[in-house]
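Student: Sequence and predicted structure below; questions after.
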Protein chains: 4
Amino acid sequence: MSDPQPTRRATVPAMEERLGQPIPVLDHGFVRVVDYMGDDAAIVQAARVSYGAGTKTARDDRGLIRYLMRHWHSTPFEMCEIKLHVKLPVFVARQWIRHRTANVNEYSARYSILDREFYTPAPEHLAAQSSLNNQGRGESLPPEEAERVLRILRDDASRAYDHYEAMLSTEGQTGLARELARMTLPASIYTQWYWKVDLHNLFHFLRLRADPHAQYEIRVYAKAICDITRTWVPFAWEAFEDYRLNAVTFSRQGMDALRRMLAGETVTQENSGMSKGEWREFRTLLEGAGSPAA
Amino acid sequence: MSDPQPTRRATVPAMEERLGQPIPVLDHGFVRVVDYMGDDAAIVQAARVSYGAGTKTARDDRGLIRYLMRHWHSTPFEMCEIKLHVKLPVFVARQWIRHRTANVNEYSARYSILDREFYTPAPEHLAAQSSLNNQGRGESLPPEEAERVLRILRDDASRAYDHYEAMLSTEGQTGLARELARMTLPASIYTQWYWKVDLHNLFHFLRLRADPHAQYEIRVYAKAICDITRTWVPFAWEAFEDYRLNAVTFSRQGMDALRRMLAGETVTQENSGMSKGEWREFRTLLEGAGSPAA
Amino acid sequence: MSDPQPTRRATVPAMEERLGQPIPVLDHGFVRVVDYMGDDAAIVQAARVSYGAGTKTARDDRGLIRYLMRHWHSTPFEMCEIKLHVKLPVFVARQWIRHRTANVNEYSARYSILDREFYTPAPEHLAAQSSLNNQGRGESLPPEEAERVLRILRDDASRAYDHYEAMLSTEGQTGLARELARMTLPASIYTQWYWKVDLHNLFHFLRLRADPHAQYEIRVYAKAICDITRTWVPFAWEAFEDYRLNAVTFSRQGMDALRRMLAGETVTQENSGMSKGEWREFRTLLEGAGSPAA
Amino acid sequence: MSDPQPTRRATVPAMEERLGQPIPVLDHGFVRVVDYMGDDAAIVQAARVSYGAGTKTARDDRGLIRYLMRHWHSTPFEMCEIKLHVKLPVFVARQWIRHRTANVNEYSARYSILDREFYTPAPEHLAAQSSLNNQGRGESLPPEEAERVLRILRDDASRAYDHYEAMLSTEGQTGLARELARMTLPASIYTQWYWKVDLHNLFHFLRLRADPHAQYEIRVYAKAICDITRTWVPFAWEAFEDYRLNAVTFSRQGMDALRRMLAGETVTQENSGMSKGEWREFRTLLEGAGSPAA
């Protein structure tokens, strides 16, 4: 980061503290803020351009931001932008990149040589395939199986990197092109990128990736970014928590059941019109264990 | 704009001067910079993440930016972002909005009442339909015809606005909803919006809209933004001028003709393999009258 | 439309009936299907590529589509595409175009002369500004006021069109360029476009624009497209109705209140932690009058 | 593919032949057409909506398509859409996915188990790092070095897959979750996806990826898709070849040099105003060895 300079742009003192500071994630990864544009007031400012005089007196900033979030107004949130530098394993990068509405500059293994850094899970994160869910993890592996797995992961990564270096080497041989040699490297290797996104699309990313159903290894990045976002735009973050992260959506059938229950009726899966899977999800939602988003 | 505050983000002192200052465009319009993210160095910084050590020593910043532009690397330019507040006639807004890769918050005529401000061209900009081009303008109108046109434009706009107000009024009547009353307003009325875009997409917009074939009324906005961009990212701007704005693209047939001409052959439309239209455009390009982009 | 030809692409016989048939909307507008790609089975096919063997036996097509919709899987729905030809008033086009994830070819008033066709509301759709909502309409205008409004709208449109023609005319004068003359035309004039969009983004459009809070004049287009979509992908449509159109989202505070109510507690605005506006919306949702999406 | 059914949609008989037929690419990959929307006539049809009566008589279809391509009109080409099923190595998929304006459904290694299929280059494609270019390949490796490299690539892939299976296995152990076990697999493993894109964005992809500077392993996929595109929209393809693939863009400095050369002057790097790199590229362009796009 540069030395402090005066600016008349929207500035968030608490974000200035965070600029350039890497937040460690996983064993070798990080997220750090490179730049940001806008703040809570910039959301309000854009909304007031759109909705004109009508919004000027009716609500204070926090109330207006909550109103915008509740009513699915997306464009005022697009007026804020953040740029992050992220170091992450390749298999996490492959999930992340599916969010297309962002700008990305990734380290190129065609041009440059990757570092010898691989993700090795902590033993407690080594888990079995979920039996309930085709996707996702179940219970932790027993200690000796976990140890076996870790040994495999470490040995494979280490041997692959040795071979990568051996193929690239120009000592006593021609040396293979980088764009080819890289193909022996496993998906656990770390890459890095600059990732720039507007706040609306960031919230969408966070809703999917900070969710308990997201893979642990991307969720920890999402959590670190949640933390950054709370610092950056505290009113928008609070509204996002109340109206998205902790909100619950009921289907038509769910609403029917709910209204009958509130009227004192006893509703069961059989008389609800829901399938067993839907009924189970409905009960979970009522009991408050979070949203079923995949 | 707020009072100056210290920031460690990339800062361009010359842009700080421009922040919030409206640049007048047309009779009632303007462009003003609300915020910006990044500078020339931020482009270089992102490119160095992508291309790694390979780029570190080979080139200085200006050289690297020129290389990126020349070789159509778009992602480093996406790392800069600008937010503009623009006031513009509705028919210009309708062309502008076709560029979809930007964020927009427009003044809403459902919520709010539009101001009595209409675009009236200067007499010298009143021109005939082009006879060469289905699109675009030819020669200026003779003075008395221009005067007639201006009277029509002014009278229609003024009457339409009177009627707009009359329909909205709640004095002695119910008053029509804003979302309906607006439909009598002509396309010359001014609207305004916040428009936020990354530098790569901004360059694309400028290439199409600062072009001589663009309609005059949007071109003057593009020119004002060219000016801002030159202040903001001077190296990238220079590269954009050299490799895009003032660059010329020749078709396969054009290159064949060119190579034959350089070898001393006399090439005519007949022996060039080009249609008459293509040949005319080819001659124009060689003579330097700018690109034929529509 | 062409004569029938054999194809091995996914084909929906009921859509073939609709191809090229304009569905009238408003007084001079229409929506007609120009082309479509994919069907319910194409959604399932894409999902099975993504989720592999795991999905092959567990669920039938309808069940899988419902699962995908319920769990916010968007990419399988992006595998279907539809192309519509729409004729619509300019002020409706201006709202519509804000949905950026679609392809558009609009009639160009720079190249061509617009037709003399303007939207005039039916008297029963002339309504007052809503007093509850800064946006939107309230009660209908009394008959004599409605008549006055209609006269203004018709006269202004007619006079504007006369002037448009007068300025364009090359009889006895030079004639003004089309790109300039158009600026006197009101927002009630009809334009037309080809609009092409994938099913996921179409659903997003329909959720916002078929909503009771959308302006009537765009809502009727959305309704016509709902009808087309039901014919095209009946399973996906049903899932969209159950999990989006007729679904209800409760905030964190709403869920707290709901759980307390189900436990037999009496919850009031005062003890709910909600603002008055939120509480009113919460009550409305429970009573089933649809979603409050703006 | 389904049995032939009658349709009134735009149909290309030669594409019907290709539907579902895999074109082999690399050692285990393929591209096959799943569906398509539109044809050359659909491009023209959309352009005629946009440009109205002006275009109706002036040009035949081929001429109009060439005009649109030459003048950078993109929206009519967006009216055609294609859906491909592609099987490709992960490191190719990682380059490909950077093109964000497409719809993708990729095989999920969280849900499903990947097959034992890895890319092994043919010996003649094993090349050294380019000495001219930080990116890309130079000469082929000598036979014994190539053999050594192939042995490494095959052994690593095979061992990694054995370990993948061993970690997943539930025989005599709990078995690791798929989302974790996959991380030991190298970037040479094959994945597959459905990829859907409009013709304008497809052309953009092909321009970058069918270029000689693209990595060989993605270029062969681009070439297969070029072939498909030529079948699908022959006029648009021809225009794309003439005005993009085989077109050449000269910078401002390049145009100055060119005009001086045509006027008979002797231009050298020293008096051209170009850097050495630019001058070398300029000479290459004049001599016809293709574009320098990276």
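Tutor: Structure received. No experiment lies behind these values; they were computed from the predicted model shown.

Student: List the buried residues of the longest helix seen in chain A.
Tutor: Taking DSSP state H as the criterion, chain A has its longest helix at helix A:143-168. Residues A:145-146, A:148-150, A:152-153, A:156-157, A:159-161, A:163-164, A:166-168 are the ones in helix A:143-168 that count as buried (16 or more other Cβ atoms under 10 Å in any protein chain shown). In short, each C-beta sits where N, CA and C put it, glycine included.

Student: Stretch A:31-49 close to chain C?
Tutor: No: judged by Cβ under 8 Å from any Cβ of the partner chain, stretch A:31-49 stays clear of chain C, getting no closer than 11.7 Å.

Student: Excluding chain neighbours, give the residue nearest to A:Phe118 in space.
Tutor: Nearest residue to A:Phe118, sequence neighbours excluded (Cβ to Cβ, 6 or more residues apart in numbering or on different chains): A:Ala157, at 3.9 Å.

Student: got a list of what that neighbour touches?
Tutor: By Cβ atoms under 8 Å, 6 or more residues apart in numbering or on different chains, the contact set of A:Ala157 is A:118, A:120, A:186, A:188-189, D:184.

Student: where does the stretch 51-200 of chain A dip in pLDDT?
Tutor: For the stretch 51-200 of chain A, residues meeting the criterion pLDDT under 70 lie at A:52-59, A:132-135.

Student: For it, what lies in contact range of chain B?
Tutor: A:51-55, A:75-76, A:78-79, A:81, A:83, A:85, A:103-108, A:111-113, A:192-194, A:196, A:198.

Student: one more time with 10 Å, if that's ok
Tutor: Residues of the stretch 51-200 of chain A that fall close to chain B, judged by Cβ under 10 Å from any Cβ of the partner chain: A:51-56, A:73-83, A:85, A:101-114, A:178, A:192-196, A:198, A:200.

Student: Pull out the buried members of those.
Tutor: Buried among these (16+ other Cβ under 10 Å): A:51-52, A:54-55, A:73-83, A:85, A:101-114, A:178, A:192-196, A:198, A:200.

Student: Just those residues: which are in strands?
Tutor: With DSSP state E as the criterion, strands contain A:81-83, A:85, A:103-106, A:192-196, A:198 from among those.

Student: How about the secondary structure of the residue nearest to the spatial centre of chain A?
Tutor: The centroid of chain A falls nearest to A:Ala222 when counting by Cα atoms, centre = their mean (3.1 Å). Here A:Ala222 is recorded as helix under DSSP: H, G, I helix; E, B strand; the rest coil.

Student: can you tell me which residues contact it?
Tutor: A:Ala222 makes contact with A:25, A:31, A:96, A:202, A:205-211, A:214 under the criterion Cβ atoms under 10 Å, 6 or more residues apart in numbering or on different chains.

Student: filter the residues you listed to the buried ones?
Tutor: Neighbour-count burial (16+ other Cβ under 10 Å) applied to these gives A:25, A:31, A:96, A:202, A:205-211, A:214.

Student: Pull the most distant pair out of the residues you listed.
Tutor: Spanning the widest gap among the buried ones among the contacts of A:Ala222 are A:Val25 and A:Arg207, at 18.9 Å by Cβ to Cβ.

Student: returning to what we had before: now the angle from the longest helix of chain A to helix D:143-168?
Tutor: With axes from the mean of the first three to the mean of the last three Cα atoms, to 10 degrees as the basis, helix A:143-168 and helix D:143-168 are set at 170 degrees to each other.

Student: Near the residue nearest to A:Cys80 when sequence neighbours are not counted, how many other residues are there?
Tutor: Distances taken as Cβ to Cβ, 6+ apart place A:Gly38 nearest to A:Cys80, at 3.5 Å, with adjacent residues excluded. Neighbourhood size, A:Gly38 [other Cβ atoms under 10 Å in any protein chain shown]: 30.
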